[in-house]
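Undergrad: predicted model and sequence below, questions to follow.
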Amino acid sequence: MGYSTLLFLHVLGAFTLVASVGVFLAILLAVRRQPDTLVARRMLPAARVMWAVGGLSALVFGIWLAIHVSQYSLTDGWILGAIVLWVIASAIGGRISAGYKNLGDGSLVQSQALVTHGLLVALVLLLLLDMIYKPGAG
Amino acid sequence: MILTIRPDSWNFPLLLHVGGAMLLVASITVAIVAFVQSWREVDPEGSARLFRFGALTMFYAALPAFLVMRLAAQWILSREHLEDSNVSWIGIGLGTSDVSGLILIMTLILTGIALRRSRRGGGLGKLAKVGGALPLLLMALYLVAIWAMTTKPS
């Protein structure tokens, strides 16, 4: 696979990942405002699938790119940083997803949900900053 | 492969452009999920709630994200002195952006009318179906734009 195709698949994965974060935020908004569990319940499966597919493809094609392009190395600070951010974001995303498991029975702790969603947004923003600015890259 | 490092002064407009594009795709995804689920919902009240959620997402999230993406695109074009460029990937990007802007406005108008009708008790009707289907077209256009921006066909 060539550089352009790998970059396209990596960026597409990143867009899917951000889209899933958007759907998670929409679910949180629906639950907080109404609480509208119908909207939340109908959106949750899409968020879970996109989170898994987007997250995995962004990571796999990102690592593939780092190996494919001679100017990059997996040990570059900005690439290692991105992998660490991805791992933390994955753990938080998994926690958010699990938190919505019993949606509707009132067990969702909204203050905790707000913190975890905020953390997820911050991590995704940091990942984007890291990919654009590439700190430490020659 | 030889990669060129872009000047630091291009990074912020690029961040706004890519970030705006990601927010745009994310908000359109939310709207699409809400609209599709609204069509599938058998309870009319539940269907209206899902449709309303999708329509408001288009207005409060997709429209501002589109403006950020488009204005930042113009900013970075001017930074790179590419405003008059005939390169095809820029043409594809600007073309999809302009067409999608029109479709976005049409979506907002149609879903807005459908929402008003639904509030008066007239049901969602066919306008809601058309307005709710347009974001699917937007998503297809943005897939083309992402492909063009990353592969940069010349």
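TA: Sure thing, it's come through.
Undergrad: report the central residue of the chain.
TA: Went with chain A since none was named. A:Leu17 (4.4 Å; Cα atoms, centre = their mean).
Undergrad: please refer instead to chain B.
TA: Centroid-nearest residue in chain B, with Cα atoms, centre = their mean: B:Leu24, separated by 4.8 Å.
Undergrad: can you tell me the element the closest residue to that one other than its chain neighbours falls in?
TA: Spatial nearest neighbour of B:Leu24, excluding adjacent residues (Cβ to Cβ, 6 or more residues apart in numbering or on different chains): B:Ala65 at 3.9 Å. Quick note: C-beta positions are derived from backbone N, CA and C, even for glycine. Here B:Ala65, judged by DSSP states H and E, is contained in helix B:63-79.
Undergrad: helix, strand or coil for A:Ile27?
TA: Following DSSP: H, G, I helix; E, B strand; the rest coil, we place A:Ile27 in the helix state.
Undergrad: what's the answer for A:Asp130, then?
TA: Quick answer, by three-state DSSP: A:Asp130 is helix.
Undergrad: what about it, how many neighbours?
TA: Look at A:Asp130: counted by other Cβ atoms under 10 Å in any protein chain shown, it has 17 neighbours.
Undergrad: where is the longest helix in chain B?
TA: helix B:88-119 (DSSP state H).
Undergrad: counting by contacts, list what the helix or strand just after it packs against.
TA: The element immediately downstream of helix B:88-119 (helix or strand, assigned by DSSP H and E) is helix B:125-151. In terms of contacts (3 or more Cβ pairs under 8 Å, 6 or more residues apart in numbering or on different chains; DSSP states H and E), helix B:125-151 is packed against helix A:3-33, helix B:11-40, helix B:44-57, helix B:88-119.
Undergrad: report pLDDT for residue 130.
TA: I went with chain A, as the question did not name one. Note for A:Asp130: predicted pLDDT of 95.
Undergrad: um, chain B though
TA: 91.
Undergrad: that one against B:Ile113, yeah?
TA: No - using Cβ atoms under 8 Å, B:Val130 is not in contact with B:Ile113, being 10.3 Å away.
Undergrad: count of residues packed around B:Glu80?
TA: 15.
Undergrad: and the helices in chain A?
TA: According to DSSP H, the helices that chain A contains are A:3-33, A:37-68, A:77-99, A:110-133.
Undergrad: run through who's touching stretch B:102-111.
TA: B:51, B:54-55, B:58-59, B:62-63, B:66, B:127-128, B:130-132, B:134-135, B:137-138, B:141 (Cβ atoms under 8 Å, 6 or more residues apart in numbering or on different chains).
Undergrad: of those residues, select the buried ones using a PyMOL command.
TA: Entered in PyMOL, the line below selects the buried ones among the contacts of stretch B:102-111, by 16 or more other Cβ atoms under 10 Å in any protein chain shown:
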select buried, chain B and resi 51+54+55+58+59+62+63+66+127+128+131+132+134+135+138+141
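Undergrad: quick one: low-confidence parts of chain B?
TA: Within chain B, the stretches with pLDDT under 70 are B:1-5.
Undergrad: what residues does it have near chain A?
TA: B:1-3, B:5, B:11, B:14-15, B:18-19, B:21-23, B:25-27, B:29-30, B:33-34, B:37, B:41, B:46, B:49-50, B:53, B:57, B:61, B:143, B:146-147, B:149-152 (Cβ under 8 Å from any Cβ of the partner chain).
Undergrad: this completes my enquiry, with thanks.
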